[in-house]
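Student: How does the following fold in three dimensions:
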Amino acid sequence: MHPYTNSNKALIRQSALCAWLDLSRSGLNKLRKKDPTFPKPIKDGEARQAAAFYVFAEVEAWLQAKIAKRDAA
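Tutor: Numbers count the residues shown, from 1 in each chain. A predicted model of the protein is given here:
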């Protein structure tokens, strides 16, 4: 079980999300541009270089939807 699954409001850093999904940062950016249903990040400030976080439950729900769509086909 992933350590972030304790709460629906838990956040995961972009770097940890990349590691979890086995994607590079540019790979994650391509995925976000290609799939508009991918959850949007929460920025920790206005600066371009501010840390980006994702709501873990939203990413998990997105993955479950992708798996369900695959299994329905």
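Student: Show me what residue 13 bridges to in the sheet.
Tutor: Applying DSSP bridges to residue 13 gives these bridge partners: residue 53.
Student: got the contact list for it?
Tutor: Applying Cβ atoms under 8 Å, 6 or more residues apart in numbering, one finds that residue 13 lies in contact with 51, 52, 53. No exception for glycine: its C-beta is placed from N, CA and C like everyone else's.
Student: Residue 55 is in contact with residue 41, correct?
Tutor: No - Residue 41 is not in contact with residue 55 according to Cβ atoms under 8 Å; the separation is 9.1 Å.
Student: For the protein, just list every one of the helices.
Tutor: Using DSSP state H, the helices of the chain run over residues 14-21, 25-34, 56-72.
Student: tell me the angle of the longest one relative to helix 14-21?
Tutor: Spelled out, that is helix 56-72. Put simply, helix 56-72 runs at 30 degrees to helix 14-21, going by axes from the mean of the first three to the mean of the last three Cα atoms, to 10 degrees.
Student: Which residue lies nearest the spatial centre of the protein?
Tutor: residue 59 (4.4 Å; Cα atoms, centre = their mean).
Student: pLDDT below threshold where in this structure?
Tutor: 1-7 (pLDDT under 70).
Student: thinking again about what came up before, are any of the contacts of residue 13 buried, and which?
Tutor: When the contacts of residue 13 are checked for burial by 16 or more other Cβ atoms under 10 Å, the buried set is 52, 53.
Student: wait, which of the contacts of residue 13 is closest to residue 36?
Tutor: residue 52 (17.3 Å; Cβ to Cβ).
Student: circling back: right, and the helices of the chain - which one's nearest residue 45?
Tutor: Across the helices of the chain, closest to residue 45 is helix 14-21 (Cβ to Cβ), at 13.6 Å.
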